[in-house]
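S.K.: output the structure for:
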Amino acid sequence: EHQPGQLGASDFTWMTDLGVTIAGLPFDHMIYHYVLSWSNWEHGTLCFSESFESLSTGLQNALWHCGGVPVMHRTDRLSAAVNNLDEKRQLTVLYETLVRHYAIRAQKTNPNSGNENGDIEQRHYRLKRSVEQALILRGSRDFPTRSDYECFLGQMFDRLNKGRKKQFEEEKRHLKPLPAHRLPDYTELRDVLVGKGSTIFVRKKVYSVHSRLRDEHVTVRLYSEYLEVMFGSTIVEKLPRLRAADNYRINYRHIIDWLVRKPGAFANYRYRSELFPTSHFRIAYDILREQSPVKADKEYLTILHCAAHQSEAFVNSALQKIISEGSALISVATCFRAFSTASSAIHPKRCDLLAAFPNFSVK
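M.R.: Below you'll find the model as predicted:
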């Protein structure tokens, strides 16, 4: 039998089956769902994984939105947020810090016992049914932007909570006051080493950073949807956080300056497939290998360097033109000539690109 102000329950739930799209593209996402068990007041935060950062952001959003803190907070065992024992220990420390800050007593259900968190499980079902009905009445499951969809969800929660206003006001009187401030929405990882390949290793995921940071130590602020890389007190990179089965994200612009100086490293580079921005770059490299296997890597890296520092779109168009004609051999010179012709037509005042590469001449 629930008592007002005693228990808040939360869990993650997938919303993908509703078929929501953003600007016509499928939008796979979750909701971090929080419910006050006595009044059934609820709140949701859109997220993409069952990470601690998603839980921390969602729980704090709910607590500050309702304006108070219950005595207990019940979750499942958060097993989806961890892969090994070390991560389990880290999650335990982070979660204990969070609940201690809000002076909540944490409860966890037993393994494979979803019925022990029955309030939130039932609210999952009712929330999805309400969203489904609202989408049918709306006449479309497509939203112009993510912000529009989040606004739609916010209005949905407001409508659901409107019928519980009297019970919520009663329960709110029994909630404990909020602390003076909320905790940051990120986990800070210090002394992360940037490896020889200009990559960092964060939560079993690999991210590339600028080659000038090689062999340095950086600080990483890990948010639910992105991470910030800091050198000293300066944010030098803001990268989308990898999800689910994606294990690495390599931006060729981060490492191309280093590879141009050491083209021999290209052949055995672990993430070489990420250094072909489009299929035309891949085809061009294959043609270069057929033409001159010895010089292919150096020629291709020079072309990629041009794409990184000038315009990937123009270089891609130049390669497409050369490949479609099928008559001219692919080389740095022919690529630059096609690039310069295209860029001059659009930007007449732009300096000739070849001036930046005096070692190459166009006959």
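S.K.: what comes up buried for the longest helix seen in the chain?
M.R.: When the chain is parsed with DSSP state H, its longest helix is helix 118-138. Taking 16 or more other C-beta atoms under 10 Å as the basis for neighbour counts, the residues of helix 118-138 that come out buried are 119-121, 123-124, 127-128, 131, 135. Any C-beta I mention is one placed from the backbone N, CA and C, and that applies to glycine too.
S.K.: repeat for stretch 325-335
M.R.: Neighbour counts using 16+ other C-beta under 10 Å place 330-335 of stretch 325-335 among the buried residues.
S.K.: so which of the residues you listed is the closest to Glu216?
M.R.: Val332 (31.6 Å; C-beta to C-beta).
S.K.: how close does the closest one get to Thr278?
M.R.: As defined by C-beta to C-beta, to the nearest Å, Val332 lies at a distance of 18 Å from Thr278.
S.K.: just Pro26 next, same as before
M.R.: For Pro26, the distance to Thr278 equals 22 Å [C-beta to C-beta].
S.K.: okay, these two: which has more neighbours?
M.R.: Thr278 (15 against 10; other C-beta atoms under 10 Å).
S.K.: let me see the contact set for the more buried one.
M.R.: Each residue near Thr278 by C-beta atoms under 8 Å, 6 or more residues apart in numbering is listed here: Asn316.
S.K.: look at it and report its pLDDT.
M.R.: Per-residue confidence (pLDDT) for Thr278: 92.
S.K.: measure how the strand or helix carrying Ile31 sits relative to helix 118-138, angle-wise.
M.R.: Assigned by DSSP states H and E, Ile31 belongs to strand 30-36. Per axes from the mean of the first three to the mean of the last three C-alpha atoms, to 10 degrees, the angle that strand 30-36 makes with helix 118-138 is 120 degrees.
S.K.: tell me where the stretch 151-300 of the chain has helices.
M.R.: All helices of the stretch 151-300 of the chain, identified by DSSP state H, counting those that start in this stretch, fall at 165-172, 252-261, 279-291, 296-309.
S.K.: got the buried residues for stretch 199-208?
M.R.: Judged by neighbour count (16+ other C-beta under 10 Å), stretch 199-208 contains these buried residues: 199-200, 202-203, 206-208.
S.K.: check the residues you listed and tell me the two furthest apart.
M.R.: Arg203 and Ser208 (15.6 Å).
S.K.: the longest helix of the chain - contacts with which helices or strands?
M.R.: strand 7-14, strand 30-36, strand 42-47, helix 146-162 (3 or more C-beta pairs under 8 Å, 6 or more residues apart in numbering; DSSP states H and E).
S.K.: so which of these comes closest to Thr57?
M.R.: strand 42-47 (6.1 Å).
S.K.: that older thread, now the helices and strands packed on helix 118-138 in a markdown table, with mean neighbour count, mean pLDDT and distance to Gln107?
M.R.: Listed next are the helices and strands packed on helix 118-138 as a markdown table, based on neighbours: other C-beta atoms under 10 Å; pLDDT from 0 to 100; distance: least, C-beta to C-beta, whole Å:
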| stretch | mean neighbour count | mean pLDDT | distance to Gln107 |
| --- | --- | --- | --- |
| strand 7-14 | 22 | 93 | 8 |
| strand 30-36 | 24 | 95 | 14 |
| strand 42-47 | 22 | 96 | 18 |
| helix 146-162 | 14 | 95 | 23 |
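S.K.: can you add distance to Val192 and give these back as a markdown table?
M.R.: Putting the helices and strands packed on helix 118-138 into a markdown table (distance: least, C-beta to C-beta, whole Å) gives the following:
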| stretch | distance to Val192 |
| --- | --- |
| strand 7-14 | 27 |
| strand 30-36 | 27 |
| strand 42-47 | 24 |
| helix 146-162 | 29 |
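S.K.: out of the buried residues of stretch 325-335, who's nearest Arg141?
M.R.: Within the buried residues of stretch 325-335, the smallest distance to Arg141 is 43.8 Å, found for Cys335 (C-beta to C-beta).
S.K.: next, the contact list for the closest one, please.
M.R.: By C-beta under 8 Å, 6+ apart, the contact list for Cys335 reads 284, 303, 306, 315, 318-319, 322.
S.K.: low-confidence stretches in this protein?
M.R.: Scanning the chain with the threshold set as pLDDT under 70 gives 77, 79-87, 110-118, 327-328, 338-363.
S.K.: ok, now with 50
M.R.: 346-363 (pLDDT under 50).
S.K.: host element of Phe314?
M.R.: Using DSSP H and E, the element containing Phe314 is helix 312-325.
S.K.: quick check: buried residues in that helix?
M.R.: Those would be 312, 314-322, for helix 312-325 by 16+ other C-beta under 10 Å.
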